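**Student:** sequence-free structure coming up:
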DNA sequence: TTTTCCAATGTAAGCGCTTAGACCAAGGAT
DNA sequence: ATCCTTGGTCTAAGCGCTTACATTGGAAAA
């Protein structure tokens, strides 16, 4: 291994000078610089990152932790689309750091499996800051991590207080989508394919649905299935629903994400149920394949790439200036109207979703909230175009 | 920051003892261990990765470099599916290192843009080994890198000698697909939508096509379009073809990858050309959305995840035992028959592609080869099921 | 000429960790 | 009683780099 010393010796200068040449900024005589540069090139010297990190007091590396839900089953399957989420986030993060001299350390964790937490801990020794996807890491553990280094959670629970959170405005998005179903299409009898209880985004979406339902006595929730965000569980939900409801189908099936909506679509197709004529089906997230199904899926676009970018920006900021207080940042979503909701075939409308008027209600004090917002507050809210919305700080 | 010294002092032992406790293996009296562990927990001590890397003589980090073709245009577009490739590779790599204590540093580079090479170089100072996607990094530079640390190229030119290469058997896959078109569907007049000249995989695929064509005088190549692997360029290829060929369409369009095949499909759909009745269209790679188009795309499955896994395995191996000589490893592909090739609607057949009999011809001595294999050697070859095939070493 | 000043360069003290080798009891063998 | 072991622990020398501070040798100022 070629070290700084080797270069210094061969160039007949001190290590300090070589270091200065390598980093360019300091004043070094041109002739000296040229000589050193030549030796560097000749020897193929590259500074050792570990030594640099140790000497400066930071590593210039941030960690991205992707918490996968459940165990990965099939290999190359539509199931793995849940990872699509992280791929996009990754893209955003990468775009953000590309031109700064930061590196990205990436790790995938199984959902909250205990043996993984130590991995997270040791990871925290290798980076200057941590980006954690999904709010699945226990809050207590998060607090412990956040004490050591800046942490920002992506798509986590916006009421998390230990660390920064950057997440889509799930509540507003869900409200807009359900409003569309109720007001624009007159769908009254809804069925809910929910996500796992541990998922904070599913919770926000569910809350919005319930609020809207509460505000409209004419509407009713026919039932609920607790899925796991996978296509398979969506299919099961569809089959169960079909078996249970005989010939009185609901007007619409509201799914907590696109994968499950696709599963429902598949179950319906298999049973010969026509969508949206007999039932509307809507999802959430706007994953790419959703537009390719028949009928194309109506959904809410979650700005995943932007999520990654913003989270990264925030993290870099916190690393640069420690001592900031954690805050939650809500990114606006977009209603994506295609035809599975009842809109005419060929429809492709993207409609920005403004923050809810009572967005403060999205951040209840501490405990898991249950219907904190009084009914009637969750009106469609489809004017204005304010862009970002900080819930605090 | 809490250091080893802090722990040692508080526990009343030496740093050596603390270190031994942290790493578990050495003999430490139980009572001592317990005391140290307690202090560690109380202080929330986590070893500093940089210091560890410096002290042991390795970092336990491997780098994954994804070389993106062209500049990323649209945001959330089907175009970005080229990245799908890396997402799968990433998955494979991650799966491989998950249970060993390695970390993954990931970097995206613009195709061979000069200012990026220094980034690669400095990256090489932060890792123990490098995985480089696509054979787009200039071979000379690769050699320079490989002198410093183990490097394995994923999906690169199998004739590369400076570094290890792990790649799909593009030639065999392409041969199998074209044979299917010619023999099973009697398509004689072909049109080729090729990839960029810099892409080694496109070259292998092209070579197989030409060999087959050369072996069958009854078949002819009606034309060729040089695309850039994007949907857009595929669309353009389709339009150009339509404009040029009037009402004498080719029997089949062979595309160098799925994105372009999808583009062609879209152009044909727009013009009312029926696939596969009027023209067959086939792709390569088996990206996920291909199965969702109408008609579902016939293609060759490239084991991207496996590629990542194997490449990683090889890299780890080389890191463990330096001094191995670089070798190229060819991974088997799979023919994926759906209906865009002329197979009846609903067809879904996956057929393993055995290595070509003359697989040695796939590794010409040094220079860019041109038709090294004598015509007639590229027969359909559809028996046998040998699994892996090393072209050398 | 002497003094002053400053650009250019060198010296050396860490950064936090690992680990070879030294040291020390406490048995066990002789 | 003396000499070896040997398990448990400590000492201290690095790992390769950065950087505060010291040094040096002109050029400018006096």
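**Tutor:** Yes, it's here. All values reported here derive from a predicted model rather than from experimental measurement.
**Student:** what sits against the residue most central in space within chain A?
**Tutor:** For chain A, residue A:155 is the residue whose C-alpha lies nearest the centre (C-alpha atoms, centre = their mean; 4.0 Å). The neighbourhood of residue A:155, defined by C-beta atoms under 8 Å, 6 or more residues apart in numbering or on different chains, consists of A:85, A:133, A:134, A:135, A:166, A:167, A:168, A:200, A:201, A:302, A:307. To be clear about C-beta, it is placed using only N, CA and C from the backbone, and glycine gets the same treatment.
**Student:** do residue A:67 as well
**Tutor:** Neighbouring residues of residue A:67 by C-beta under 8 Å, 6+ apart: A:108, A:109, A:110, A:111, A:112, A:132, A:133, A:134, A:136, A:137.
**Student:** helix/strand/coil for it?
**Tutor:** For residue A:67, the assignment made with DSSP: H, G, I helix; E, B strand; the rest coil gives strand.
**Student:** right, and residue A:195 touches residue A:233 too?
**Tutor:** No: the criterion here is C-beta atoms under 8 Å, and residue A:195 misses it with residue A:233 at 9.2 Å.
**Student:** anything in contact with each of these two?
**Tutor:** With C-beta under 8 Å, 6+ apart as the test, residue A:195 and residue A:233 both reach A:227, A:260.
**Student:** Turn the contacts of residue A:67 into TSV, including secondary structure and neighbour count.
**Tutor:** Converted to TSV, the contacts of residue A:67 look like this (DSSP: H, G, I helix; E, B strand; the rest coil; neighbours: other C-beta atoms under 10 Å in any protein chain shown):
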residue	secondary structure	neighbour count
A:108	strand	21
A:109	strand	22
A:110	strand	17
A:111	coil	16
A:112	coil	15
A:132	strand	26
A:133	strand	26
A:134	coil	26
A:136	coil	21
A:137	coil	25
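**Student:** closest to residue A:276 among these?
**Tutor:** Within the contacts of residue A:67, the smallest distance to residue A:276 is 30.7 Å, found for residue A:134 (C-beta to C-beta).
**Student:** surely the closest one meets residue A:154?
**Tutor:** Yes: because the distance of 7.2 Å satisfies C-beta under 8 Å, residue A:134 is recorded as touching residue A:154.
**Student:** ok, residue A:234 touching residue A:268?
**Tutor:** No: using C-beta under 8 Å, residue A:234 makes no contact with residue A:268, being 10.3 Å away.
**Student:** element containing the closest residue in space to residue A:150 that isn't next to it in sequence, please.
**Tutor:** Leaving aside its chain neighbours, residue A:150 sits nearest to residue A:318 (3.8 Å; criterion: C-beta to C-beta, 6 or more residues apart in numbering or on different chains). Assigned by DSSP states H and E, residue A:318 belongs to helix A:304-320.
**Student:** cool, residue A:275 as well?
**Tutor:** Counting by DSSP H and E, residue A:275 is part of no helix or strand.
**Student:** and what of residue A:94?
**Tutor:** helix A:84-97.
**Student:** Which residues does that helix contact?
**Tutor:** By C-beta under 8 Å, 6+ apart, helix A:84-97 touches A:62, A:64, A:66, A:103-104, A:106, A:108, A:131, A:133, A:154-155, A:285, A:287-288, A:304-313, A:316, B:76, B:80, B:83, B:87, B:106, B:108.
**Student:** Number of residues surrounding residue A:285?
**Tutor:** Other residues within reach of residue A:285, judged by other C-beta atoms under 10 Å in any protein chain shown, total 30.
**Student:** Is it in contact with residue A:302, as I believe?
**Tutor:** Yes: counting by C-beta under 8 Å, residue A:285 does reach residue A:302; the two are 5.0 Å apart.
**Student:** quick one: pLDDT of the residue nearest to the centre of chain A?
**Tutor:** As predicted, residue A:155 sits at a pLDDT of 91.
**Student:** Can you report how many residues neighbour the residue of the stretch 251-393 of chain A found nearest DNA strand D?
**Tutor:** DNA strand D sits closest to residue A:320 of the stretch 251-393 of chain A, with a gap of 15.1 Å, by C-beta to the nearest atom of the strand. Residue A:320: 11 surrounding residues under other C-beta under 10 Å.
**Student:** Distance check, it against chain B.
**Tutor:** 17 Å (C-beta to the nearest C-beta, to the nearest Å).
**Student:** do the same with residue A:146
**Tutor:** 11 Å.
**Student:** what helix or strand is residue A:351 on?
**Tutor:** If you go by DSSP H and E, residue A:351 is part of strand A:349-352.
**Student:** Run the chain-centre distance for that strand.
**Tutor:** Distance, stretch centre to chain centre, for strand A:349-352: 20 Å (C-alpha atoms, centre = their mean, to the nearest Å).
**Student:** what do you get for stretch A:129-144?
**Tutor:** On C-alpha atoms, centre = their mean, the centre of stretch A:129-144 falls 13 Å from that of its chain.
**Student:** what's the average pLDDT for it?
**Tutor:** Mean pLDDT, stretch A:129-144: 87.
**Student:** Let me know whether it sits next to chain B.
**Tutor:** Yes: for a cut-off given as C-beta under 8 Å from any C-beta of the partner chain, stretch A:129-144 has contacts with chain B, namely residue A:144.
**Student:** Lovely, talk soon.
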